[in-house]
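Chemist: what shape does this take:
(one chain, ligands or ions: 1)
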Amino acid sequence: MTTRTLPNIILTGTPGTGKTTHALLLAERCPELKHLSINDIVKDQSCHEGWDEEYQSWIVDEDKLLDAIEDQVKQGGWIIDWHACDLFPKSWVDLVVVLRAGTEVLFDRLTKRNYPEVKLQENLDSEIMDVLIQEARDSYDDEIVVELQSGDADELEANVERIEAWLEQWKKDNQN
Ligand code: DAT
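Modeler: Here you go, the predicted structure:
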């Protein structure tokens, strides 16, 4: 049983699967939940050890990142948007949504981002090899891990509705 009055939800998945898109729509539909963009925290609060030129991304300092968000996250009510999940302590997390997309869809989305070839290929491989869903299942109890397809707008809508319904149920189950 948690002392939080609102749950914390991790939205994870390979880059391009729709984490930010889902987080923004969910936060709009459920104003009591707030979007925590780990990308922005890493950048704005310098939770990194520098810039990786080859991958064109920050090298994240996970300890610093967890320190930066711990106090606020422990209060609950956060949608945590990040392409990894195993760093967040189990005690912080009530639901882990792993977003998935087919290779062709993902290729198109990542190509539009002008990712370097090596990063594009690595992300496609990661999606094909189920890296994120495996990481989520290895790190959290099975009953809080949900895998959802994010190929198109209908799936986005259905996913957000499903998470909204889950939130309502969580609130009923955790009234204190
Ligand atoms: P992420 O945060 O996982 O990197 P994103 O939310 O930025 O991904 O989405 C990448 C692009 O793909 C963006 O242009 C929106 C689009 N997209 C993602 N999921 C979608 C969906 N279910 N339906 C339609 N477009 C989607």
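
Chemist: neighbours of the residue of the chain found nearest the ligand, how many?
Modeler: The minimum distance from the chain to the ligand, using Cβ to the nearest ligand atom, falls at residue 18 (2.6 Å). Backbone N, C-alpha and C define where each C-beta goes, glycine included. Neighbourhood size, residue 18 [other Cβ atoms under 10 Å]: 26.

Chemist: residue contacts, the residue nearest to it when sequence neighbours are not counted?
Modeler: Excluding the flanking residues, the one nearest residue 18 by Cβ to Cβ, 6 or more residues apart in numbering is residue 150, at 3.8 Å. Residues near residue 150 by Cβ atoms under 8 Å, 6 or more residues apart in numbering: 13, 17-18, 21-22, 99-101, 156, 159.

Chemist: quick one on the thing from earlier: from what I see, the residue of the chain closest to the ligand and residue 99 are in contact.
Modeler: Yes: between residue 18 and residue 99 there is a contact under Cβ atoms under 8 Å: 5.1 Å.

Chemist: off-centre distance for the longest helix seen in the chain?
Modeler: Criterion DSSP state H: the longest helix present in the chain is helix 153-173. Here helix 153-173 is found 15 Å from its chain centre; the criterion is Cα atoms, centre = their mean, to the nearest Å.

Chemist: can you list contacts of stretch 152-167?
Modeler: 7, 9, 18, 21-22, 25-26, 29-30, 33, 95, 97, 99, 148-150.

Chemist: and that stretch with the ligand, contact?
Modeler: Yes: residues of stretch 152-167 contacting the ligand under Cβ under 6 Å from any ligand atom: 152-153, 155-156.

Chemist: got the residues of this structure near the ligand?
Modeler: Near the ligand, when you scan the chain using Cβ under 6 Å from any ligand atom, you find 13, 15-21, 109, 150, 152-153, 155-156.

Chemist: neighbour-wise, give me the winner out of the residues you listed.
Modeler: Greatest neighbour count in the residues of the chain next to the ligand, by other Cβ under 10 Å, goes to residue 13: 28 neighbours.

Chemist: so it sits against residue 132, correct?
Modeler: Yes: under the criterion of Cβ under 8 Å, residue 13 makes contact with residue 132 at 5.5 Å.

Chemist: which neighbours do the two have in common?
Modeler: 83, 98.

Chemist: for the residue of the chain closest to the ligand, what are its contacts?
Modeler: Residue 18 makes contact with 99, 101, 150, 156, according to Cβ under 8 Å, 6+ apart.

Chemist: next step: the contacts of stretch 152-167 restricted to helices.
Modeler: The helices, defined by DSSP H, take in 21-22, 25-26, 29 from the contacts of stretch 152-167.
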